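Novice: Sequence first, predicted coordinates after that:
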Number of protein chains: 2
Amino acid sequence: MQFQLTPEYLELLRKAIGTNDLKFIMEQLKELHPPDIAEIFNELDLEESKYLYKQLDESEAGKVLVEMEDDKREKFLASLTSREIAEHIDNMASDDAADVIAELPDSVQDEVLSHMEDSEQASDIVGLMNYDENTAGGLMATELVRVHVTDSVRLCVRELRKQAEEVKNIYTIYVVDDGNKLLGLLSLKSLLTTSLSAKVKDVYNPDIISVKTNTPAEEAAKIMEKYDLVVLPVVDSLGKLVGRITIDDIVDVIREEETEDVQKMGGMEALDEPYMSIPFLGMIKKRVGWLTLLFIGESFTATAMGFFEGEIKKAAVLATFIPLIISSGGNTGSQVSTLIIRALSLGEITISEWLNIVRKEIKVGLALGIALGVLGFLRVAIWSSFTDIYGPHWKLIGICIGVALMGVVLWGNLMGSLFPIILKRLGLDPAVSSAPFVATMVDVTGLIIYFTVASIMLRGIIL
Amino acid sequence: MQFQLTPEYLELLRKAIGTNDLKFIMEQLKELHPPDIAEIFNELDLEESKYLYKQLDESEAGKVLVEMEDDKREKFLASLTSREIAEHIDNMASDDAADVIAELPDSVQDEVLSHMEDSEQASDIVGLMNYDENTAGGLMATELVRVHVTDSVRLCVRELRKQAEEVKNIYTIYVVDDGNKLLGLLSLKSLLTTSLSAKVKDVYNPDIISVKTNTPAEEAAKIMEKYDLVVLPVVDSLGKLVGRITIDDIVDVIREEETEDVQKMGGMEALDEPYMSIPFLGMIKKRVGWLTLLFIGESFTATAMGFFEGEIKKAAVLATFIPLIISSGGNTGSQVSTLIIRALSLGEITISEWLNIVRKEIKVGLALGIALGVLGFLRVAIWSSFTDIYGPHWKLIGICIGVALMGVVLWGNLMGSLFPIILKRLGLDPAVSSAPFVATMVDVTGLIIYFTVASIMLRGIIL
């Protein structure tokens, strides 16, 4: 029932394409769904793709095109004439069509639009292309079924039958007034369960949730999630019905949003493209900026340590614990900043609760600091029973390492919990490089904590 | 149109509850949707909640209960009798009802079930509670409209009208045979656009995608995403229709899945609970394990540096660059492991492409390494023009830092790209602590690279 593209199956298909085995190919295409066929296209070369594409029926061809990987589709469309592209566009939903056309070079866009048979669809597409892709307008399709509030239910059913061919997934019928202002909705279920002679105005549901064309896509996603909607109408600034967003587009928005967040948290710019399609220079550009910034931040560690060069010369053994101590603070900070960023983005916490969060994280940081501090002391104690590396004062060194660890972990936990909240308060995205940024800050300050503790505890003994 | 819970509004409501201003409260409740009301409940205390809950009408009360935060609901239900809970459960969808009952203490569960009026619903719920919550069975609801393949369309419409009251969101009617085996579907659209005298067997769509009760929830989510489905039927091992999953549940699965991934990547166990509801000890438990493991891994840096104690004593200036060099490698590794984990989880890459990925990342790592290497040299050169800290051999020290940085960054990039792939190959979750784990490995190996480069380049000069 579910399709899994195996290398063996791909080989079979390629062979059939090579030998022009139409019977086998048509059998396969009949069994497969457009997203499966698109997966196959992603693996074929251009000639094979063109051959296979010719065998698809018109309505399926458009769907396959939409589901293909962006760079594959780009290459494939570049090999077609504007007239051929226009034919496929005619069979797509308006939102998909606008997305596909927007990817084409400017000159080709105009040609394709002029070749389209359905001039109403063409002007819808031009309209959709004007919206920012990160807004509700950029997500919506214009195909929908609308009825007038003064119509009868019988007329609705007739209208629905007429439009059913054109509008793919109908879940809801929208009710508008004379001026196309959105008044409410009629579910298909209510159409089926109401008398045909009833008037729309007596049976429609006026309690409707809608968004504006300029509502951010992420907000539209949050609304559909919160109210469990499958489709969301979009109105212009005058309240006129201009389109609808379906849940499948929202699922894509959520995935993209999450990918951006994860990549930002990993210490780089969001890629905005699949890993394999991003070119070498593009990849460098997305990564080198933050690496440089983090490098500059981290280079203060060299400055800080410069002040303690004398101590390091006297007791090189202290230097050997530097990576351990500062990375423990950094790891703790990364953990908590991840927690806070996620909780903020899911709306589990708000920045007004910062004091509660700080109180909670001071306790947690103290507990984690004690745990790692004890581990640090044990590390020194155990090694001392095997080697002489820490000398006669190993107990004092061990306690010093333990205390420093406790301080650095507590400090890292506090900074890691506050930093995303401060970013958010400043109107910035808390996900931006938080984990590596927090780690860098904790590295610099952690060194100072460590050497200060050591200076106080070991002065006159080994320092 | 969209509800925003402000402190002022909350204050107004609380006052109305305190003064028993029923008129105002009923007006407000009429305007609000269940998810909005649930948001208000999350902010009220127990007495206020109980008062407000009594004012809700029956069908709304169940929906509000489902949308409330888990710990709020738990406390609220604990204040009700089993009989009261049973009344609310009667009005819930079977999947929500099963989730709510599963949270109750065992003894209360049986009492609630025995008090339910609708015994069919009660036995459905008991059935649903047997499924693992991370499978399709754990997500599905049993309410659906099914027709027999030999029925007429007219009978379907009649059946639909009869069941419409009970089944909330109807998008599809399922067609089954004598033995309840799932054969295909009829969309509501096709019901409306087909003659009433047609036979189901002549108009239904046999091309249906379904999952089994034991299909993992994440796989069900992937299928609904790929095929743009709003509802997905669930069959048992014999192919019999037992339930359906709706897209709103899948959106929740996606959010949870992403949260788990992000938290694991942040170097801890997934919380599985909202940030604010997890207790102190639970939080420590989720975090201390990985911190300890990372600590043990990182403590090899102390061991590695022990071997170079002589060098550090002779040239303490070298030690001051340690945090800078190893963290640059760690940051690079975190970036690339984040990229690879994300691309793997979105299906953009597969582990069979590992050689391509390594080739790509060697080039990227080299470019990033050269960039940071040059920066490292510049850091030394610029400081040298102001201070005497690096002495007469500052050029050589600068080159040594630059070369070490290049090597460590290239190495970090390579390890960061390979580690998630290796985890996945071993059947483990690539997200598990990858970024901090890679950083720890790079810290240890980076130190060795750095001191080896320094020993070769500076031997006889400052070492």
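Specialist: Thanks, I have it.

Novice: do you know how far A:Leu12 is from B:Asp207?
Specialist: 22 Å (Cβ to Cβ, to the nearest Å). For every residue, glycine as well, the C-beta is placed using N, CA and C.

Novice: Show me which of the two is the more surrounded one.
Specialist: A:Leu12 (14 against 10; other Cβ atoms under 10 Å in any protein chain shown).

Novice: got the contact list for that one?
Specialist: For A:Leu12, the contact set (Cβ atoms under 8 Å, 6 or more residues apart in numbering or on different chains) comprises A:Phe24.

Novice: Please see if the helix or strand bottoming out on mean pLDDT in chain A touches chain B.
Specialist: Least confident element among the helices and strands of chain A, by mean pLDDT, DSSP states H and E: helix A:188-193 (a mean of 78). Yes: Helix A:188-193 lies within reach of chain B by Cβ under 8 Å from any Cβ of the partner chain, at A:188-189, A:191-193.

Novice: Next up, the contacts around A:Met283.
Specialist: A:271, B:364.

Novice: Per-residue pLDDT of it, please?
Specialist: If you check A:Met283, the pLDDT there is 91.

Novice: ok and the residue in the stretch 51-200 of chain A nearest chain B?
Specialist: Across the stretch 51-200 of chain A, the shortest distance to chain B (Cβ to the nearest Cβ) belongs to A:Leu188, at 4.2 Å.

Novice: One more: the stretch 151-300 of chain A?
Specialist: Closest point on the stretch 151-300 of chain A to chain B, by Cβ to the nearest Cβ, is A:Gly266, at 2.8 Å.

Novice: what's the neighbour count on that residue?
Specialist: 27.

Novice: Grab the nearest non-local neighbour of it.
Specialist: B:Thr338 (2.8 Å; Cβ to Cβ, 6 or more residues apart in numbering or on different chains).

Novice: what's the helix or strand for that neighbour?
Specialist: Assessed by DSSP states H and E, B:Thr338 sits inside helix B:322-345.

Novice: pLDDT of that helix, averaged?
Specialist: Mean predicted lDDT for helix B:322-345 stands at 92.

Novice: just checking, what packs against it?
Specialist: Under the contact criterion of 3 or more Cβ pairs under 8 Å, 6 or more residues apart in numbering or on different chains; DSSP states H and E, helix B:322-345 touches helix A:247-265, helix A:280-307, helix A:322-345, helix A:434-458, helix B:247-265, helix B:354-384, helix B:394-425, helix B:434-458.

Novice: Format the CA atom coordinates belonging to the first one as PDB.
Specialist: What it means is helix A:247-265. The C-alpha trace of helix A:247-265 is given here as PDB (Å, rounded to 0.1, in the frame of the first residue of the first chain):
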ATOM      1  CA  ILE A 247      -3.600  22.300   6.000                       C
ATOM      2  CA  ASP A 248      -1.000  20.600   3.800                       C
ATOM      3  CA  ASP A 249       0.600  23.900   3.100                       C
ATOM      4  CA  ILE A 250       0.700  24.600   6.800                       C
ATOM      5  CA  VAL A 251       2.500  21.400   7.600                       C
ATOM      6  CA  ASP A 252       5.200  22.500   5.100                       C
ATOM      7  CA  VAL A 253       5.300  25.900   6.900                       C
ATOM      8  CA  ILE A 254       5.800  24.100  10.300                       C
ATOM      9  CA  ARG A 255       8.600  21.900   8.900                       C
ATOM     10  CA  GLU A 256      10.400  24.900   7.400                       C
ATOM     11  CA  GLU A 257      10.000  26.900  10.500                       C
ATOM     12  CA  GLU A 258      11.400  24.100  12.600                       C
ATOM     13  CA  THR A 259      14.300  23.600  10.200                       C
ATOM     14  CA  GLU A 260      15.200  27.300  10.300                       C
ATOM     15  CA  ASP A 261      15.100  27.200  14.100                       C
ATOM     16  CA  VAL A 262      17.300  24.100  14.400                       C
ATOM     17  CA  GLN A 263      19.900  25.500  11.900                       C
ATOM     18  CA  LYS A 264      20.000  28.800  13.700                       C
ATOM     19  CA  MET A 265      20.500  27.000  17.100                       C
END
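
Novice: and it, what other elements does it pack with?
Specialist: helix A:136-139, helix A:217-226, helix A:322-345, helix A:434-458, helix B:217-226, helix B:247-265, helix B:322-345.

Novice: for the closest residue to the residue of the stretch 51-200 of chain A closest to chain B other than its chain neighbours, what are its contacts?
Specialist: Closest residue to A:Leu188 apart from its sequence neighbours, by Cβ to Cβ, 6+ apart: B:Leu188 at 4.2 Å. For B:Leu188, the contact set (Cβ under 8 Å, 6+ apart) comprises A:170, A:188-189, A:192, B:170-173.

Novice: Going by residue numbers, what spans are strands in the stretch 101-250 of chain A?
Specialist: In the stretch 101-250 of chain A, the strands defined using DSSP state E, counting those that start in this stretch lie at A:145-148, A:172-176, A:182-187, A:211-212, A:231-235, A:241-246.

Novice: Any chance of CSV for those strands, columns distance to B:Glu84 and mean neighbour count?
Specialist: Listed next are the strands of the stretch 101-250 of chain A as CSV, based on distance: least, Cβ to Cβ, whole Å; neighbours: other Cβ atoms under 10 Å in any protein chain shown:
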stretch, distance to B:Glu84, mean neighbour count
strand A:145-148, 42, 20
strand A:172-176, 35, 22
strand A:182-187, 31, 20
strand A:211-212, 38, 20
strand A:231-235, 35, 24
strand A:241-246, 39, 24
